[in-house]
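Peer 1: Show me how the following folds:
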Amino acid sequence: MLSLNALRAGWPLAAACSFLPVLAQAQAAAPLPADTPTVVITGNPLGRDTLAQPSTVLTGDGLALRRAATLGETLASVPGVGATGFGPNSSRPVIRGLDGDRLRLLDNGGASVDASSLSFDHASATDPLVAERIEVLRGPAALLYGGNAVGGVVNTIDNRIPRLGHFLDRPGLGGRAELRLGGASNEEAGAAVLEGGAGLLAWHVDAHARSAQDQRAPQFTPVEDGTALDPSRRVRNSAARAEGGAVGLSWVKGGDYAGLSVERARQHYGVTVEPDVTIRMQRDRVATAGRWSVVAGPLSEVTAQASHSDYRHQEVEGDGTVGTTFLSKGDEGRMHLRQRALPLAAGELQGVWGMQAESQRFSALGDEAFVPGTRTRSAAIFTLQEWRQGPWNLSAGARVEQTRVASDGDTDPANPRFGSAQSRSFNPSSLALAVKLAPAAGWQFSLSAARTERAPTFYELYANGLHVATAAFEVGDTSLGKERSRHVEAGAAWRAGHSGFSVQLFRTDFARYLSLDDTGTTVQVPGEAGEPPQDFPVYAFRAVRAQLSGGELEAHARLLQQGGVTLDLRASADTVRGTNQDSGAPLPRLAPWRARASLVLRGAHWQAGAEARHSAAQNRVPSTDTATAGFTMLDLWAGVALPGAGSPQLLVKLGNATNELGYNASTLATMRGLSPLPGRALSVVLRAAF
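Peer 2: The predicted structure is shown next:
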């Protein structure tokens, strides 16, 4: 595993600088990879865009330029995707205004088990540093992944279980390495991957490490509990360390494979809202996956995967004592049975049948534990059928689940809080229909509708205590029913050569939206270490009617192509509006409308670009929140292919070049005034693959 001490010693900087003298020889280097379309595999067991669902893929240079310390910040530039932003170290994605347990995070298509959806200050266990590819599905994906994917899916792919089509299609050893330096947190990070094979066996090894200091920002006045503090240029208690690695082994023959991977990830980071508290996190994960072709019969292919995760999260006080420990053990398995294509009504019918089972055991130990120990189990079957004929593509699917959420109740008779042990059972179901039409070359129109149900989570049912991250006393409701929503979406796209556009318009109506609402009451909580008691507002989980609507627009055009040099324009915009229809109040923490525009100049061995990103002011907020001012930031970057083995590339990026002060409207109000967005910072990335 890479050593943090080695990183601090400065060897990445020395390695990067050693390439600078050869920049003048760049014409002898291998060409930079072309900007070619990619195929989305997440949510497509039939191998194509089955449900007409808008998607985005980050890979190659696009991922390298956007890669950040957290999954949320890495994806914050994707249309329709924001980030929760509880400081630089805890940031989950937000898709179309939905986050937490309405958004499914996957590792190589399997469940990502951690405690990040429980609290905003809990980081995701998935580290973008080792990701080769990140796929984002916007809109309901509950058909394949359950009601917890009503907002969308983020799948991080790292090839830890080797499969055909990567390094296995050529003999010998392959790999890649990446060094990252600088940025607003003075990051020193590195990742390395080695892959190879012999005969029918293929193997994978990777390791990564990161060290970051407190994040720099333009001068701002921190606000804590409504009180202005001394002006600062740093986000307090935001330093972090992370490290991890994995090994994987597969048997591969033709297009079939069966493999196993073992991985460990660790993080140690500060919690900005509590200046003396740090979090130690560790996750161990074992995963297996396989694919088998079927020669004859009604099935053409069987795929299966399973994983077990063991997650530990400790909140450490300033004196070194552990205040609260969160433990989570999770198991997941799924299988797809793909039908052989059949002729039907002058067209072709294909389909897949699937089964999925999940189990999670969660416990919280310590003074700040606001939920009891719980056990959640679910099982589901689903099908997805698609009929194609000429320019028409019709698809339909259904999913039926059974979910049981049980509470251990009080374990300390002297401190009753959660009541006796109890359990709830739910039977969510989901339906989806879609039609796609390609009437002429380059054109595509789509229309889809979905009905989704989600079982309440353990904290929505059983929470009863002070949640320090939200500065509120949160109360669950054991009588809550299933969350129910209906979704409609229309889209159009056109592409011709290097130019094109796409537009998506959506609306989601929740008949029962499980919302955490202010009750208007307070509760007195004893102080710590002799401090006086303090009153906190009481927030309760309730089922309300809600509506979300919005859209995304993306466009690109080639402005110049002459003498091996090209100039491309890319632009995007997105907006979302949410309303609690019972109260008429806006839904909390929604991003305002945003827009981006970039110019990319590319030669055979170099490229350079500039991107302007604008976020409007968010004045439409509930009474418990405050407005967020708008901002416009400018990023500049350049890359060059260097000579030498491994086709190395050097990328240099100047983020927020104008040092604009900005705040994330999707951040919790208690944190927003303490943690602005990063200030002007220079970062260097050196990548190589062989």
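
Peer 1: pLDDT on the lengthiest strand in the chain, on average?
Peer 2: Assignment by DSSP state E gives strand 534-562 as the longest strand of the chain. Per-residue pLDDT values across strand 534-562 average out to 94.

Peer 1: Same question for stretch 227-243.
Peer 2: Rounded mean pLDDT across stretch 227-243 is 94.

Peer 1: May I have the distance across it, first residue to last?
Peer 2: 36 Å (C-alpha to C-alpha, to the nearest Å).

Peer 1: Give me the sheet partners of the longest strand of the chain and which way each runs.
Peer 2: The pairing partners recorded for strand 534-562 under DSSP bridges are strand 472-475 (parallel), strand 499-525 (antiparallel), strand 565-580 (antiparallel).

Peer 1: Kindly reformat those as a markdown table and extend each row with mean pLDDT, distance to Thr227 and mean neighbour count.
Peer 2: Placement of C-beta: from N, CA and C, glycine included. Converted to a markdown table, those look like this (pLDDT from 0 to 100; distance: least, C-beta to C-beta, whole Å; neighbours: other C-beta atoms under 10 Å):
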| stretch | mean pLDDT | distance to Thr227 | mean neighbour count |
| --- | --- | --- | --- |
| strand 472-475 | 89 | 18 | 21 |
| strand 499-525 | 92 | 19 | 17 |
| strand 565-580 | 97 | 29 | 18 |
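
Peer 1: The ones you listed: which one's closest to Glu178?
Peer 2: Distance to Glu178, taken as C-beta to C-beta, is lowest for strand 565-580 among those, at 23.6 Å.

Peer 1: before we move on, back to that, quick one: the strands paired with strand 534-562 as TSV, columns for distance to Val621 too.
Peer 2: As requested, the strands paired with strand 534-562 are exported to TSV (distance: least, C-beta to C-beta, whole Å):
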stretch	distance to Val621
strand 472-475	16
strand 499-525	13
strand 565-580	11
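
Peer 1: Among those, which comes closest to Asn148?
Peer 2: strand 499-525 (12.0 Å).

Peer 1: Show me the shaky parts of the stretch 351-500 of the chain.
Peer 2: Regions of the stretch 351-500 of the chain meeting the criterion pLDDT under 70 are absent.

Peer 1: ranges for the strands of it?
Peer 2: 374-389, 392-407, 422-426, 429-437, 443-454, 464-467, 472-475, 483-496, 499-525 (DSSP state E, counting those that start in this stretch).

Peer 1: partner strands of the third one, parallel or antiparallel?
Peer 2: Right, strand 422-426. Here strand 422-426 has these sheet partners by DSSP bridges: strand 392-407 (antiparallel).

Peer 1: Out of the strands paired with strand 534-562, which is closest to Ser683?
Peer 2: The nearest among those, by C-beta to C-beta, is strand 565-580 at 20.8 Å.

Peer 1: after the closest one comes which helix or strand?
Peer 2: strand 594-602 (DSSP states H and E).

Peer 1: Run through who's touching that following strand.
Peer 2: 32, 35, 77, 565-575, 607-616 (C-beta atoms under 8 Å, 6 or more residues apart in numbering).

Peer 1: that older thread, output the strands of the stretch 351-500 of the chain in JSON lines, with distance to Leu173 appended to each entry.
Peer 2: As requested, the strands of the stretch 351-500 of the chain are exported to JSON lines (distance: least, C-beta to C-beta, whole Å):
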{"stretch": "strand 374-389", "distance to Leu173": "39"}
{"stretch": "strand 392-407", "distance to Leu173": "42"}
{"stretch": "strand 422-426", "distance to Leu173": "50"}
{"stretch": "strand 429-437", "distance to Leu173": "42"}
{"stretch": "strand 443-454", "distance to Leu173": "41"}
{"stretch": "strand 464-467", "distance to Leu173": "49"}
{"stretch": "strand 472-475", "distance to Leu173": "52"}
{"stretch": "strand 483-496", "distance to Leu173": "38"}
{"stretch": "strand 499-525", "distance to Leu173": "39"}
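
Peer 1: Which one, of those, ends up nearest to Pro275?
Peer 2: For the strands of the stretch 351-500 of the chain, the distance to Pro275 is smallest for strand 464-467, at 18.3 Å, taking C-beta to C-beta.

Peer 1: List the contacts of the closest one.
Peer 2: Residues from elsewhere that reach strand 464-467, judged by C-beta under 8 Å, 6+ apart: 119, 368-371, 417-418, 472-476, 525, 536.

Peer 1: bridging residues for Thr452?
Peer 2: Counting by DSSP bridges, Thr452 is bridged to Ser485.

Peer 1: pLDDT value on the nearest residue to Gly87 once chain neighbours are set aside, please?
Peer 2: Closest residue to Gly87 apart from its sequence neighbours, by C-beta to C-beta, 6 or more residues apart in numbering: Thr272 at 3.8 Å. For Thr272, the model assigns a pLDDT of 90.

Peer 1: need the contact list for the nearest residue to Arg542 once chain neighbours are set aside.
Peer 2: Leaving aside its sequence neighbours, Arg542 sits nearest to Asp517 (C-beta to C-beta, 6+ apart; 5.3 Å). Shown in contact with Asp517 (C-beta under 8 Å, 6+ apart): 539-542, 544, 580.

Peer 1: what does Gly147 give?
Peer 2: Gly147 sits next to 401, 428, 430, 452-455, 482-483 when contact means C-beta under 8 Å, 6+ apart.

Peer 1: Identify the farthest-apart pair in those.
Peer 2: By the measure C-beta to C-beta, Glu401 and Glu483 form the most distant pair in the contacts of Gly147, at 12.7 Å.

Peer 1: neighbour count winner among those two?
Peer 2: Neighbours were counted for Glu401 and for Glu483 using other C-beta atoms under 10 Å; Glu483 has more, 27 against 23.
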